[in-house]
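Student: I'll drop the sequence and a predicted model, then ask my questions.
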Amino acid sequence: MQDNKQNIIENTDETTNKIANESVNAKSLAVLIQENKEKIFEGGTISLIIGTVLSNLINKTYKPIENLEYMKNENIGSLFIIIILLSLAAGVLYFYSQTAVRCLLPLSIFVYSILTINQNKTTLPITIACIIGTVLAIAYVKNDLFMIISKVKISQKVGLIICAVLGVMLIVFLSSIGCNRYRTFSNSTYDFGIFAQMFENMKHTLRPFTSVERPEIGQYSHFGVHFSLIYYLVLPIYFVFSSPETIQIIQAVVLGLAVIPLYYLCEHYKLSRKMSVAVCAIYCLFPAVAGGTYYDFHENCFLPLALFCVVLALEKKHTVGIILSVMMLLMIKEDTPIVLLSIGLFLILSSKDIKRGSVVSGVSLAYFAIAMKAIKAIGTHYIDMAGGQVNGNGENAIIQVMHFSNLVYDSSKGASQIAVTIPNNIAYMLGQMSDTEKLQYLLLMILPLSIALVQKKKYSRYILLTAFVIINVLPSYVYMHDINFQYNYCAIAMMMYIAIMTVSEWDNEKKKTWALISVVMTFMLFVGFAYPTYDRYHERYKESKDYFVEIQNAIDMVPSDATVAVSGFMMPHLYKNKDVTVIQDNVVIDQDYVVVDCRAGYSEDSQKVAPYVSENYDLISEVQDAIAIYKRR
C-alpha cells in the first residue's frame with residue numbers, strides 16, 4: 001500500500017517535471033522565434049521567391065506566351081508541389097548558409113530574366129521589367145555580393161588582360177556579324193557597296209572613287225561627300241587582305257581597340273582595377289556599340305578610339321599625344337570638329353585647362369572650315385537621292401532638310417539655321433525630343449551608365465553632350481536616333497568620359513553599387529538588343545551555306561573588267577568592277593552584264609530589266625529564286 005502510494009507520488013512528480021520542461025521548451029522556442037523572426041521571415045520569403053523562379057525555369061515559362069490556354073492541360077497541383085519542394089530546399093540551405101541563398105536570389109532572377117529577354121527579342125517593356133526585378137534583388141543582397149567580389153584580387157597586368165579579352169570578344173562578335181552579313185548577301189549598295197568598291201579602287205589608284213555613290217555623275221570621289229582621310233590609315237591592311245570582309249573586320253578591330261585608352265583613362269582617374277574592368281565591360285556590352293555596325297562599315301567606327309585617346313592625352317597634358325590623337329580624330333570626318341569643339345569648350349568652362357581648351361577649340365573651327373572647303377573643291381556633293389539641284393555653296397539643301405527638316409525654316413539656306421532655331425525655340429525643341437521612338441532611344445543610350453550621367457554641381461560637363469543632342473536627339477531623321485546605325489559612337493564616347501569623371505568622385509560603396517548594377521543592366525540590354533542580330537545572321541549562313549556559295553559562284557562568272565548593271569544587295573560582291581550601275585527605275589540598261597537579285601523581298605529588279613534583257617541579253621547563269629545573270633549579245 002505504502003509502495004503504491006510512493007509510486008503515485010513519483011509518477012506525479014515526473015509528469016509535473018515533464019510538463020514544466022515542455023513549458024520551458026515552448027517558452028524557449030517562442031523566445032527563439034521572436035528573436036529570429038526577421039531572419040525566419042527573410043529566409044521564408046527568399047526561399048519562396050527562389051522556389052517560384054526555379055519552378056518557372058523548369059517549366060520554361062520564359063518562352064513567348066500568347067495566352068494562358070496551355071494551363072488547361074497542366075496539373076495545377078503538381079505545379080504548386082514543385083514550388084513548395086524547391087522553396088523547402090532553399091529554406092534548408094538557408095539554415096546552413098544564409099549568404100549562399102541570398103546570392104542565389106539575384107542569380108536565379110538574373111538567369112530567368114536573361115532567358116526571357118533572349119526569347120522576347122528587342123522588346124523594351126519586357127527588358128525593362130526584367131532589369132527592374134534583377135536590380136532590386138541585387139540591391140537587397142549587395143553586401144553579400146560585395147563580400148564575394150572583394151575576395152577576387154586583380155593586379156594591373158590581370159586588369160589589362162581582362163580588358164584585352166573583352167576587346168577581343170567584341171572584335172570576334174562584330175567580325176562574325178559583319179562577315180556573315182556579307183556572305184548572306186545582306187549588304188546593300190548604300191553604304192557597304194560604296195566602301196567595298198572604294199577600297200578596291202584605293203588599292204590600285206589611291207583615289208577614293210566609286211561609280212555607285214552618285215550614279216547620275218558616274219565615277220565620283222567619296223571625299224566629295226565626306227572628307228575622311230582616316231581611310232588611308234587602314235589602307236595598308238586592305239593591301240594585304242583585299243576583301244570586303246576585311247573592311248568589316250577592320251571596323252570590329254577599331255571598336256575593340258578602344259578599350260585600351262578607355263582602361264588607362266579610368267586608371268588616370270584613380271578608379272580601382274575592378275572598376276576599370278567594369279567600365280570597359282559596359283563599353284563592350286553597350287548595345288549601340290554593336291548596333292552601329294549592323295548596317296556595315298562607316299568611318300564613324302573610329303570615333304570611340306580617337307575620342308578616348310584625345311581626352312586621355314588632354315588629361316595627361318601629353319603634347320605629342322594630343323597632336324596625334326587630335327589629328328586622328330579630325331581625319332575621321334568633316335563634322336568631327338563639332339565634338340572636338342565641345343571638348344575644348346568643356347576644358348575652358350570647367351577651368352580644367354583653359355590654355356589647351358582654347359587651342360583645341362581654335363583648331364576644331366579652323367579644320368571644319370578647311371574640310372568643308374575641301375569637299376566643295378573636290379566636286380558636287382550632297383546630291384539628293386530624289387534629284388535635287390546643287391546650290392551655290394556646293395551643298396544640297398534637300399539632303400540637309402532630310403536630316404534636319406524639323407530644325408530649319410528655309411530649305412534653301414541649309415543646316416546653318418540650326419544655330420538660330422535651337423536657342424530661340426526651346427519649347428519646340430523639347431517637343432522634338434519627346435516622341436515615343438526618341439524616348440526609347442534615350443532609354444537605351446542612358447541606362448547603361450544611368451546615374452553616372454547626372455551632374456549635381458559640375459554642369460560644364462553637359463557641354464560634352466552637345467553633339468549628342470544636336471545630331472542624335474533633335475533631328476527628325478529616324479536613323480540618327482536608332483541604336484542600330486552608326487551615328488551614336490560620338491555620344492557613347494562622351495557619355496563614358498562623363499561617367500568616369502563622375503564615378504571617380506563617389507565613395508567606394510556608391511562606386512561598387514553602380515558598377516555591379518550597370519554591368520548587369522548593360523549585359524541584359526546587350527542580350528535583348530545586340531545579340532539577336534548575331535544569332536540571326538549566324539543561323540542564316542549556317543543553315544544555307546551551300547545556297548549562298550552557289551550565288552557567289554554565279555557572280556564570279558562576271559569578268560572584273562566588265563560594265564555591270566546590278567541589284568542593290570548583289571553590288572558589294574562586284575566590288576572589283578570599276579563601272580557598276582545599280583538598277584533603278586530611271587536607269588538605262590546597256591551594260592555588258594546584268595545581275596538581278598531574284599530573292600523575294602529584296603528587289604523587284606526582274607520586272608525593271610525585263611524589257612532590256614528579253615531583246616539584248618542572254619541568260620548565262622541562274623540560281624533558282626536567288627540570282628539571274630545576263631550577258632549582252
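Tutor: Looks like it came in fine.

Student: Break down the stretch 501-633 of the chain into its strands, ranges please.
Tutor: Here the stretch 501-633 of the chain has its strands, by DSSP state E, counting those that start in this stretch, at 564-566, 580-582, 593-597, 617-623, 627-632.

Student: Adding distance to Ser351, mean pLDDT and mean neighbour count, write these out as CSV.
Tutor: To be clear about C-beta, it is placed using only N, CA and C from the backbone, and glycine gets the same treatment. CSV is the format used below for the strands of the stretch 501-633 of the chain (distance: least, Cβ to Cβ, whole Å; pLDDT from 0 to 100; neighbours: other Cβ atoms under 10 Å):
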stretch, distance to Ser351, mean pLDDT, mean neighbour count
strand 564-566, 57, 94, 27
strand 580-582, 53, 93, 22
strand 593-597, 58, 94, 24
strand 617-623, 66, 93, 15
strand 627-632, 63, 94, 21
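
Student: Identify whichever of the ones you listed lies nearest to Tyr62.
Tutor: Using Cβ to Cβ as the measure, strand 593-597 is the one of the strands of the stretch 501-633 of the chain that comes nearest Tyr62, at 37.7 Å.

Student: That closest one: partners in the sheet, and parallel or antiparallel?
Tutor: Here strand 593-597 is paired, per DSSP bridges, with strand 564-566 (parallel), strand 627-632 (antiparallel).

Student: and that strand with strand 617-623, angle?
Tutor: Strand 593-597 and strand 617-623 meet at an angle of 40 degrees, taking axes from the mean of the first three to the mean of the last three Cα atoms, to 10 degrees as the criterion.

Student: Just the residues contacting strand 593-597, thanks.
Tutor: 185, 555, 558, 562-570, 574, 583, 603, 605-606, 609, 612-613, 617, 626-632 (Cβ atoms under 8 Å, 6 or more residues apart in numbering).

Student: low-scoring pLDDT stretches of the stretch 201-350 of the chain, where are they?
Tutor: Along the stretch 201-350 of the chain, segments meeting pLDDT under 70 are nowhere present.

Student: and if we set it to 90?
Tutor: Low-confidence segments of the stretch 201-350 of the chain, defined by pLDDT under 90: 213-226, 335.

Student: For Leu136, grab the count of nearby residues.
Tutor: 12 (other Cβ atoms under 10 Å).

Student: in stretch 110-124, what counts as buried?
Tutor: Using 16 or more other Cβ atoms under 10 Å as the test for burial, stretch 110-124 gives Phe110, Tyr112, Ser113, Ile114, Leu115, Thr116, Ile117, Asn118, Asn120, Lys121, Thr123.

Student: mind putting those residues in CSV, secondary structure and distance to Ala196 included?
Tutor: Listed next are the buried residues of stretch 110-124 as CSV, based on DSSP: H, G, I helix; E, B strand; the rest coil; distance: Cβ to Cβ, whole Å:
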residue, secondary structure, distance to Ala196
Phe110, helix, 41
Tyr112, helix, 43
Ser113, helix, 40
Ile114, helix, 36
Leu115, helix, 38
Thr116, helix, 39
Ile117, helix, 34
Asn118, helix, 32
Asn120, coil, 35
Lys121, coil, 29
Thr123, coil, 34
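
Student: From the residues you listed, pick the one nearest Ser272.
Tutor: Phe110 (23.3 Å).

Student: can you tell me which helix or strand the closest residue to the closest one other than its chain neighbours belongs to?
Tutor: The shortest distance from Phe110 to any non-neighbouring residue, by Cβ to Cβ, 6 or more residues apart in numbering, is to Thr134 (5.0 Å). Following DSSP states H and E, one finds Thr134 within helix 124-140.

Student: Residues in contact with that helix: which ones?
Tutor: 102, 105-106, 109-110, 113-114, 116-117, 120, 145, 440, 443-444, 447, 513, 516-517, 520-521, 524-525, 528-529.

Student: Looking at these, which are in helices?
Tutor: 102, 105-106, 109-110, 113-114, 116-117, 145, 440, 443-444, 513, 516-517, 520-521, 524-525, 528-529 (DSSP state H).

Student: Now do Met429, the pLDDT please.
Tutor: Met429 is assigned 79 on the pLDDT scale.

Student: circling back to that earlier point, please render the buried residues of stretch 110-124 as TSV that adds distance to Val277 and pLDDT to the earlier fields.
Tutor: Formatted as TSV, these follow (distance: Cβ to Cβ, whole Å; pLDDT from 0 to 100):
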residue	distance to Val277	pLDDT
Phe110	19	95
Tyr112	26	95
Ser113	23	94
Ile114	21	94
Leu115	26	94
Thr116	27	93
Ile117	23	93
Asn118	24	91
Asn120	30	85
Lys121	28	79
Thr123	30	82
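
Student: Let's have the residues you listed in JSON lines, adding distance to Gly291.
Tutor: Below are the buried residues of stretch 110-124 laid out as JSON lines (distance: Cβ to Cβ, whole Å):
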{"residue": "Phe110", "distance to Gly291": "23"}
{"residue": "Tyr112", "distance to Gly291": "25"}
{"residue": "Ser113", "distance to Gly291": "21"}
{"residue": "Ile114", "distance to Gly291": "19"}
{"residue": "Leu115", "distance to Gly291": "22"}
{"residue": "Thr116", "distance to Gly291": "21"}
{"residue": "Ile117", "distance to Gly291": "16"}
{"residue": "Asn118", "distance to Gly291": "17"}
{"residue": "Asn120", "distance to Gly291": "18"}
{"residue": "Lys121", "distance to Gly291": "13"}
{"residue": "Thr123", "distance to Gly291": "16"}
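
Student: So which of those residues is the closest to Gly167?
Tutor: Ile114 (22.6 Å).

Student: Spatially, which residue comes closest to that closest one, not counting chain neighbours?
Tutor: Closest residue to Ile114 apart from its sequence neighbours, by Cβ to Cβ, 6+ apart: Val527 at 5.6 Å.

Student: what number of residues lie near the one you found?
Tutor: Counted with other Cβ under 10 Å, residues neighbouring Val527 total 21.

Student: just Arg356 next, same as before
Tutor: 18.

Student: name the element it belongs to?
Tutor: Going by DSSP H and E, Arg356 is in helix 354-378.

Student: buried set for that helix?
Tutor: So helix 354-378, judged by 16+ other Cβ under 10 Å, has buried residues Arg356, Gly357, Val360, Ser361, Val363, Ser364, Tyr367, Phe368, Ala371, Met372, Ile375, Ile378.

Student: Kindly present those residues as CSV, with separate columns for pLDDT and distance to Val311.
Tutor: Shown next, in CSV, are the buried residues of helix 354-378 (pLDDT from 0 to 100; distance: Cβ to Cβ, whole Å):
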residue, pLDDT, distance to Val311
Arg356, 93, 11
Gly357, 93, 12
Val360, 95, 11
Ser361, 94, 15
Val363, 96, 15
Ser364, 95, 14
Tyr367, 94, 18
Phe368, 91, 19
Ala371, 90, 21
Met372, 86, 25
Ile375, 84, 27
Ile378, 80, 31
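
Student: that older thread, out of the strands of the stretch 501-633 of the chain, the one nearest Tyr497 is which?
Tutor: strand 580-582 (40.1 Å).

Student: neighbouring contacts of the closest one?
Tutor: In contact with strand 580-582 (Cβ under 8 Å, 6+ apart) are residues 189, 193, 197, 211-212, 215, 563-568, 571, 574, 587, 591.

Student: May I have the residues that are in contact with the closest residue to Ser188 other than its chain neighbours?
Tutor: Sequence neighbours aside, Gly568 is the residue nearest to Ser188 in space, at 4.9 Å (criterion: Cβ to Cβ, 6+ apart). Taking Cβ under 8 Å, 6+ apart as the contact definition, Gly568 lies against Ser188, Thr189, Tyr190, Gly193, Val582, Ile583, Asp597, Tyr602, Ser603.

Student: follow-up on the earlier one: return the members of the ones in helices among the contacts of helix 124-140 classed as buried.
Tutor: Counted by 16+ other Cβ under 10 Å, the ones in helices among the contacts of helix 124-140 give 102, 105-106, 109-110, 113-114, 116-117, 145, 444, 513, 516-517, 520-521, 524-525, 528-529 as buried.
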